[in-house]
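Q: just the structure for this:
(one chain, ligands or ions: 1)
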Amino acid sequence: MFGKKPEANKSRAWKKLEKHYKKMRDVEMRDLFRKDPQRAERYTINLDSMMLDYSKNRITDRTMAYLLMLAKESKLAEKVEAMFKGDKINSTENRAVLHVALRNRENSPIYVDGKNVMPEINAVLAKMRKFSEDVRLGKFVGQTGKKLTNIVNIGIGGSDLGPKMATEALRKYWGKDIKCYFISNIDGTACSEVLNKVNPEETLFIVCSKTFTTIETLTNAKTCRKWLVDALGEHAVAKHFVAVSTNAKEVEKFGINTENMFEFWDFVGGRYSVWSAIGLSIAIAVGMDNFEKMLDGAHEMDMHFKYTEFSKNIPVILGLLGVWYNDFFHFNNTAVVPYDQYLQYVPAYLQQLVMESNGKFVSNDDTFIKYQTSPVIFGGAGTDVQHSFFQMIHQGTSIVPVDFIVPAISHNEIGEHHEILLANVLAQGEALMKGKTVKEAYDEMRRAGKPKEEAKRLKKYKSFPGNRPSNTIIFKKVDPYTLGMLIAMYEHKTFVEGVIWNIDSFDQMGVELGKQMALSILPELQNNASGISHDASTANLIATIRRLRN
Ligand code: F6P
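A: From the prediction side, this is the model:
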């Protein structure tokens, strides 16, 4: 679509960055701060009540100029436009990529194959509003006339992680009597543990699957269906099961009336589907008005991404910094640490978003790539993770850039809890950047009265290398609007990185081989059938499992 282009690492800007990196690798951030009192201000972007501080990065104005040049050489502006226009930028699957249409709150027409997709999107939103309100108000009730207060989402990957992350993030907004549950894993434990907690008369199952062929989801849905039918009879299915899918035929085959189906489209990737009817559990939990506020927030980030010049564009800056560390410093891990318990599932959500999107080794020009693509993403809620992996973040031999996500106000302002939490996150960013020299560590111990010999022996252990990068994203409070902004910000950051790496961020062929092999191993475990020939290790594992299970 954009013509063949030179490999990303052969471009002029890439070469300049390689040279520039050699100068930057020994530059200390604390010196940059000392020399430049305006640094924090210059490397800060405000958008509504959200603020990104990216000053604690190993960058100068020259770095940013080269990174922006890289964006230009990668035709980022053209590709952003192509996505918003509905061009088929998912080239391997020949599909448009239009999660932005799901939250196109201005309702401007967006065309795919000459057809405006907005009327269908609006119709599904209206259907979601009616259904979620009916459930919340007790107008759509279960088979025995009881209100449906247990909402069980059955799905996996994008059909689980988004709703699970967002319902948890917005727990404070849940309707009084609503409880949400998520079944994703094929492990029977996932299903049993939820079914043990709910009662059939008051339970609504939402089966979410874009394809409606995913073995985990269909197996879990069948088990739940049987559990319901055993308790309330076959008729109850229509009152207790709805589906969200692009595949009406399979939904019908499964035994869910397509009137109880909420549609979405193949221009919405699984990991980008939280904004579609896949978000039905969110809408029921927090109400459709709040769900739409989430769409509004995402739309604000979309408009910022689409229209703001790249030097002041939050997702662009974040994406460029990601490339800077991943491909030039070779820092191939990124930690995301939200300082809010309600955001605890954000890192897991981002693992799919980032690694399924950008964990690719073939470029859009059909060549094998010779540079680093997706980093490894991990994380967890602060301050918990300060007591687990932060030792490595501060003193480990590999450097892990960190994103700190910080709401200024907590939904639970109890005593000093939130101030202590905030003090901690600010301290982490500062400590990572400044570190503590061996001499500083020694002097500190001596001041505290440690004997000379002991201080000498411990000074290296108690030093911190510092110069470790972090971004801080601050906003007022975790509310639906801000959550929408935050998630859209990461989606676009991921897009920017994918464009620079010249990959298709919207397919996921890497998940297929394992699925395919599992299907052939299954009969070998179930019937002792002999399947494909295995390597010695796998054959031995199969034999051992058969023996243990017998
Ligand atoms: O395993 C990959 C994947 O296709 C994801 O991209 C997707 O989110 C998940 O499986 C679930 O797929 P579906 O919604 O079709 O059940």
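Q: and the strands in the stretch 101-250 of the chain?
A: 111-112, 115-116, 150-154, 179-183, 203-208, 241-245 (DSSP state E, counting those that start in this stretch).
Q: and the angle from the longest one to strand 241-245?
A: The one in question is strand 203-208. Here strand 203-208 points in a direction 20 degrees away from that of strand 241-245 (axes from the mean of the first three to the mean of the last three CA atoms, to 10 degrees).
Q: mind listing the strands for the stretch 251-400 of the chain?
A: Under DSSP E, counting those that start in this stretch, the stretch 251-400 of the chain gives strands at 261-263, 333-338, 376-379.
Q: tell me the strands beside the second one, with direction?
A: Next to strand 333-338 in the sheet, as set by DSSP bridges, lie strand 376-379 (parallel), strand 402-407 (parallel).
Q: swap in the first one?
A: According to DSSP bridges, the neighbouring strands of strand 261-263, each with its direction, are strand 241-245 (parallel).
Q: and the residue nearest to the spatial centre of the chain, what pLDDT?
A: The C-alpha lying nearest the average C-alpha coordinate of the chain belongs to Leu350 (CA atoms, centre = their mean; 2.2 Å). As predicted, Leu350 sits at a pLDDT of 98.
Q: isn't it up against Ile377?
A: Yes: using CB atoms under 8 Å, Leu350 is in contact with Ile377, at 5.4 Å. For the C-beta atoms, the positions are set from N, CA and C on the backbone; glycine is no exception.
Q: neighbours of the residue of the stretch 401-550 of the chain found nearest the ligand, just the number please.
A: Nearest residue of the stretch 401-550 of the chain to the ligand: Val511, at 4.0 Å (CB to the nearest ligand atom). For Val511, the count of nearby residues is 12 (other CB atoms under 10 Å).
Q: same thing with Ile542?
A: The burial count for Ile542: 17, using other CB under 10 Å.
Q: from memory it sits against Glu524, does it?
A: Yes: checked against CB under 8 Å, the pair Ile542 and Glu524 is within contact range at 5.7 Å.
Q: dump the residue contacts of the residue in the stretch 201-350 of the chain that the ligand sits nearest to.
A: Taking CB to the nearest ligand atom, the ligand has its nearest neighbour within the stretch 201-350 of the chain at Gly270, 2.5 Å off. By CB atoms under 8 Å, 6 or more residues apart in numbering, the residues touching Gly270 are 157-159, 210, 508.
Q: and Trp14, what is it in contact with?
A: 8, 70, 73.
Q: same thing with Asn528?
A: Arg546.
Q: any idea of the pLDDT on Gly188?
A: pLDDT, Gly188: 98.
Q: and Ser530, by the same measure?
A: 75.
Q: same deal with Phe368?
A: For Phe368, the predicted pLDDT is 96.
Q: wait, it sits on Phe361?
A: Yes: counting by CB under 8 Å, Phe368 does reach Phe361; the two are 6.2 Å apart.
Q: neighbour count: those two, which is higher?
A: Phe361 (12 against 8).
Q: quick one, phi/psi of the more buried one?
A: For Phe361, the backbone dihedrals are phi -130, psi 10 (criterion: degrees, to the nearest 10).
Q: please begin residue numbering at 892 from this point
A: OK, 892 is where the count begins now, so the last one is Phe1252.
Q: residues contacting it?
A: By CB under 8 Å, 6+ apart, the contact list for Phe1252 reads 1259-1260, 1264.
Q: ok, now which ones touch the residue lying closest to the residue of the stretch 1292-1441 of the chain closest to the ligand once chain neighbours are set aside?
A: Among residues not flanking Val1402 along the chain, Glu1247 sits closest, at 7.5 Å (CB to CB, 6 or more residues apart in numbering). Neighbouring residues of Glu1247 by CB under 8 Å, 6+ apart: 1048, 1162, 1399, 1401-1402.
Q: pull out the buried residues from these.
A: 1048, 1162, 1399 (16 or more other CB atoms under 10 Å).
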